[in-house]
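In: Fold the following, please.
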Amino acid sequence: MKNVQKGFTLIELMIVVAIIAILAAIAIPQYQNYITKSQFSESQTIADGLKTPIVEYFNQTGNCPTAGQGSLASADASYTGKYVLSAAAGGTAPSCTILVTFKAQGSVSTPLGGQTVTFTGTNNGGSFSWTCTATGIGNQYKPTVCQ
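Out: Sure thing, here's the model as predicted:
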């Protein structure tokens, strides 16, 4: 009489579980980095919305605007997002700044919690060039323009 084996052995199942564990150990940290990068990009989106009113105000007055001047809202907290707490315009001519502050830890990824990103626009004889500085945030989470 022939005895036909049905199913998987314990060793085969353990090998499958080990392979899944190895893949998860690689994938989860990469996923966390991806989430942090996507949350960081919101700071750039909000800053982009402020750049045009800042440049317009500067071209008309020769000064950098603050909240309530030109077409900027009267409260810095008007510029918020899902991960961004506030964005504030300021600076001294010819370098205007946008300071974007992330919400506290728990609302955003841990590396971004409470951190700030500064966008500095410098007047180069009629046109503005913008730079990004984000101290306290690891380079692996920032786009190359902010490193």
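
In: If S95 is in a bridge, with which residues?
Out: Residues in a beta bridge with S95, per DSSP bridges, are T92, T122.

In: so A87 sits in a strand?
Out: Yes: counting by DSSP: H, G, I helix; E, B strand; the rest coil, A87 is part of a strand.

In: Could you number the chain from 865 rather than 1 from now on?
Out: Will do, 865 is the new start, and the previous item becomes A951.

In: how many other residues sit next to C1010?
Out: For C1010, the count of nearby residues is 18 (other Cβ atoms under 10 Å). No exception for glycine: its C-beta is placed from N, CA and C like everyone else's.

In: show me what contacts it?
Out: C1010 makes contact with V981, C996, T997, A998, according to Cβ atoms under 8 Å, 6 or more residues apart in numbering.

In: so how far is I892 from it?
Out: 25 Å (Cβ to Cβ, to the nearest Å).

In: So which of the contacts of C1010 wins on neighbours?
Out: V981 leads the contacts of C1010 on contacts (other Cβ under 10 Å) with 25 neighbours.
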